[in-house]
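K.L.:
No letters, just coordinates:
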């Protein structure tokens, strides 16, 4: 069976005056229909660039320099702009972090929803409005008819994020890419939005790529998880396995540094140092300067992502 | 209450902001008549709490609940509309600028965003030297340099970087420098307003460890403002929960996390995503947070509370002391209403 989405050996570079820097370095993963994948990592790890490159939203000076992305069996990484527009927002939809920035403040919610639908389908305004209403009901927005004629500023942050989810659902996509969808929201609202996303994936049989820095959110919603560090996936596997028995020293450190995992008042496990800048990635394993298991080989040879235990793939010489 | 005198206490503090704008903005037509109306944001409403010496009190709540305003009122950055702020029993909210100075040395603040809180045009030395020289005019250059080096070492920034500018540091290191600035005058009391929210989780752990270590070494008292409840559980002794500018519960961290009483606290705590746990059943709140411009009558939470009755709509609940030493402001808890 072919996968719904297959990213193979993806490499994204940014052409800067000082030379090219590699933001994504050999990332591969697959996604099946209805599957929920989490991509986690700290700022600068390349998780958002990975999400953007799937629907070719990398803008200059960035470019995909190597690798391929197959969607429903077709290679979409070398699609032209107009071919890509048929996929983007239609078959693969994206939800961004900040619900204040994603909606256009000078148009009503209804206008923005109808516009999206008419961009992808030859459909009358009345029909589009009916579909918009149906989607607003699906994301459990109270009194949806009124909302259609409201402007974004009249709604709260949580409500706006629901509207954005409704917009992403308009064309019944096969995949939703959600880039930090709840980072700007309060924890009670976050819980509701995450519930909603998970429910929608189950009822509509949609696949989800959840990009976040919050391991707590990922472990509740996703089935598979990819941990990124300095542009590479360094650990990949079933979520509950990775969360309970992480293999890579970075993942172990990352989970250990979350306050909830340690006895209150005790010293938190900390990873010394910080993530290298992309223009200055260490030789060999990028994590080696911060790693307590580091051996000479780690500074010479880049470890490959390979199967270690419990179905977990990890890129580490020492495990 | 503790028989010992609390280090900092605030009594019935109210802080409202007038946002009605210019004179012309205040006029509006309503029912065919020209009316003048003032719009006020009721950020903090009648909040009382105290911080004992050597403890860490966390103030938690969602955005817009008034936690940062409360911190700024305590620090004297905003004058309260009414109520009192006391430091070691002495009232400080009505002091003149000069009378404030000795307290500034004892109370310092650490801000959320280390990118915005450090002056980009000042080197680390200038940033750290300025408060030191201002409050100790007789200090010699050599003494100041020693002090700066000592504090930099304590916060884990190499003193050889003293001539660098903020942009040359990462977010975590910048936060260490702002902590150094907070500590340079050897304060007793630190207000930390979301000190780790802007940082990645591995850096966040480093800063939290640093703050806990400093508290022990220097016998500091913290007022910790945050929305991140797992951080709260980790570092604080007691927790105050704010909702819409009102204190709804105050208890020891352990009691609050294992047995939250106020319906809002329960919903808030059930929503924390925990690593390695499948999606737990969280308590769903109805409706949306009202704006602090038009506060609900009675209990500010009644519109979203599933246990609310007409008393909650009518009457503002008082903060009641519980048998375990905590405080809660809820008619339901007071009346022992059954809550699932």
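P.N.:
Nice, I can see it. Because the structure is a prediction, the values reported are computed rather than measured. Numbers count the residues shown, from 1 in each chain, chains lettered A, B, ... in the order given.

K.L.:
Going by C-alpha atoms from here, please, whenever you check contacts or count neighbours.
P.N.:
Fine.

K.L.:
how much distance is there from the lowest-mean-pLDDT helix or strand in chain B to the middle of the chain?
P.N.:
Of all helical and strand segments in chain B, the minimum by mean pLDDT, DSSP states H and E falls on strand B:27-30, at a mean of 78. Here strand B:27-30 is found 37 Å from its chain centre; the criterion is Cα atoms, centre = their mean, to the nearest Å.

K.L.:
Give the pairing partners of it; include direction for each.
P.N.:
strand B:33-36 (antiparallel) (DSSP bridges).

K.L.:
quick check, stretch B:65-75 touching chain A?
P.N.:
No - with Cα under 8 Å from any Cα of the partner chain as the criterion, chain A is not reached by stretch B:65-75; the gap is at least 11.2 Å.

K.L.:
model confidence over that stretch, on average?
P.N.:
Taken as a whole, stretch B:65-75 has an average pLDDT of 92.

K.L.:
who touches it?
P.N.:
The contact list for stretch B:65-75 (Cα atoms under 8 Å, 6 or more residues apart in numbering or on different chains) reads B:10, B:15, B:43-44, B:59-61, B:78-80, B:85, B:93, B:107-109, B:191, B:193, B:223, B:225, B:242-246.

K.L.:
If any of these are buried, put those into a ChimeraX selection.
P.N.:
Typed into ChimeraX, the line below selects the buried ones among the contacts of stretch B:65-75, using 16 or more other Cα atoms under 10 Å in any protein chain shown:
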select /B:10,15,43,44,59,60,61,79,80,85,93,107,108,109,191,193,223,225,242,243,244,245,246
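
K.L.:
Show me what the helix or strand that contains residue A:220 is packed against.
P.N.:
Here residue A:220 is covered by helix A:215-221, with elements defined by DSSP states H and E. Under the contact criterion of 3 or more Cα pairs under 8 Å, 6 or more residues apart in numbering or on different chains; DSSP states H and E, the helices and strands touching helix A:215-221 comprise strand A:36-40, helix A:187-204, helix A:239-244.

K.L.:
Which is the succeeding secondary structure element to it?
P.N.:
In the C-terminal direction, the helix or strand that comes right after helix A:215-221 (DSSP H and E) is strand A:224-229.

K.L.:
What pLDDT is listed against whatever residue of the stretch 1-150 of chain A ends up closest to chain B?
P.N.:
For the stretch 1-150 of chain A, the nearest residue to chain B under the criterion Cα to the nearest Cα is residue A:42, separated by 5.8 Å. You'll see residue A:42 listed with a pLDDT of 86.

K.L.:
how about the helices of chain A, start to end?
P.N.:
A:47-54, A:81-87, A:99-102, A:109-120, A:125-138, A:144-148, A:157-169, A:187-204, A:215-221, A:239-244, A:249-256 (DSSP state H).

K.L.:
Show me which positions of the fourth one end up buried.
P.N.:
Under the neighbour-count criterion of 16+ other Cα under 10 Å, helix A:109-120 has A:109-114, A:116-117, A:120 buried.

K.L.:
how about these, which pair is most distant?
P.N.:
Longest distance between any two of the buried residues of helix A:109-120 is 17.5 Å, between A:109 and A:120; criterion Cα to Cα.

K.L.:
Quick check: residues of the stretch 151-300 of chain B near chain A?
P.N.:
Checking the stretch 151-300 of chain B against chain A by Cα under 8 Å from any Cα, the hits are B:200-206, B:208-209, B:212, B:230-231, B:233-236, B:267-268, B:271-279, B:282, B:284, B:288.

K.L.:
Out of these, which end up buried?
P.N.:
For these, burial is judged from neighbour counts taken by 16+ other Cα under 10 Å, and it is met by B:200-206, B:208-209, B:212, B:230-231, B:233-236, B:267-268, B:271-276, B:278-279, B:282, B:284.

K.L.:
how near is residue A:294 to residue A:285?
P.N.:
From residue A:294 over to residue A:285 the distance is 9 Å, taken as Cα to Cα, to the nearest Å.

K.L.:
higher neighbour count, those two?
P.N.:
More crowded of residue A:294 and residue A:285, by other Cα atoms under 10 Å in any protein chain shown: residue A:285, with 23 against 17.

K.L.:
Please list all residues in contact with the closest residue to the more buried one other than its chain neighbours.
P.N.:
Taking Cα to Cα, 6 or more residues apart in numbering or on different chains as the measure, residue A:285 lies nearest to residue A:302, with 4.8 Å between them; neighbours along the chain are not counted. If you count contacts by Cα under 8 Å, 6+ apart, residue A:302 has them with A:283-286.

K.L.:
beta partners for the most centrally placed residue in chain B?
P.N.:
The residue lying closest to the centre of chain B (Cα atoms, centre = their mean) is residue B:225, at 3.3 Å. For residue B:225, the beta-bridge partners are residue B:59, residue B:193 (DSSP bridges).

K.L.:
my guess is it contacts residue B:192, does it?
P.N.:
Yes - with contact taken as Cα atoms under 8 Å, residue B:225 and residue B:192 are classed as touching, separated by 6.0 Å.

K.L.:
about what we covered before: for the helices and strands packed on helix A:215-221, give me JSON lines that also has mean neighbour count.
P.N.:
Listed next are the helices and strands packed on helix A:215-221 as JSON lines, based on neighbours: other Cα atoms under 10 Å in any protein chain shown:
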{"stretch": "strand A:36-40", "mean neighbour count": "26"}
{"stretch": "helix A:187-204", "mean neighbour count": "18"}
{"stretch": "helix A:239-244", "mean neighbour count": "21"}
